[in-house]
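> sequence unavailable; structure follows:
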């Protein structure tokens, strides 16, 4: 079953974000994933869960939930966490489709 990973992003440092963005795709590919979409949030229609503010999103896909989890916890991705934490605040979750 295919897994999607969705990230809700609030950018905090554009330079750090560019560094992160230039490297994260390589880590996704190592775990058989693809970056499907990246974009800006233009309008929030409802926020009944009271999510923190976010202005951008990313959508990844992996062949399975196991591949998505392996990527998220991989040493390759974990090596980017410090720069990610400078670049943005992130909510990241997986969903099966």
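Arrived safely, thanks for sending. Every value quoted in this text rests on a predicted model; they were computed, and no experiment measured them.
> what are the contacting residues of the top helix by length along the chain?
Taking DSSP state H as the criterion, the chain has its longest helix at helix 14-30. By C-beta atoms under 8 Å, 6 or more residues apart in numbering, the surrounding residues in contact with helix 14-30 are 11, 34-35, 60, 71, 74, 76-77, 80, 83-84, 86-88. Bear in mind the C-beta positions are built from the backbone N, C-alpha and C, glycine included.
> swap in stretch 88-97?
1-13, 17, 20, 51-52, 54, 65, 68-69, 72, 84.
> show me where this structure has its helices.
14-30, 65-72, 75-78, 81-87.
> now mean pLDDT and mean neighbour count too, for the ones you listed, in JSON lines please.
Rendered in JSON lines, the data for the helices of the chain read as follows (pLDDT from 0 to 100; neighbours: other C-beta atoms under 10 Å):
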{"stretch": "helix 14-30", "mean pLDDT": "97", "mean neighbour count": "15"}
{"stretch": "helix 65-72", "mean pLDDT": "97", "mean neighbour count": "18"}
{"stretch": "helix 75-78", "mean pLDDT": "98", "mean neighbour count": "13"}
{"stretch": "helix 81-87", "mean pLDDT": "98", "mean neighbour count": "16"}
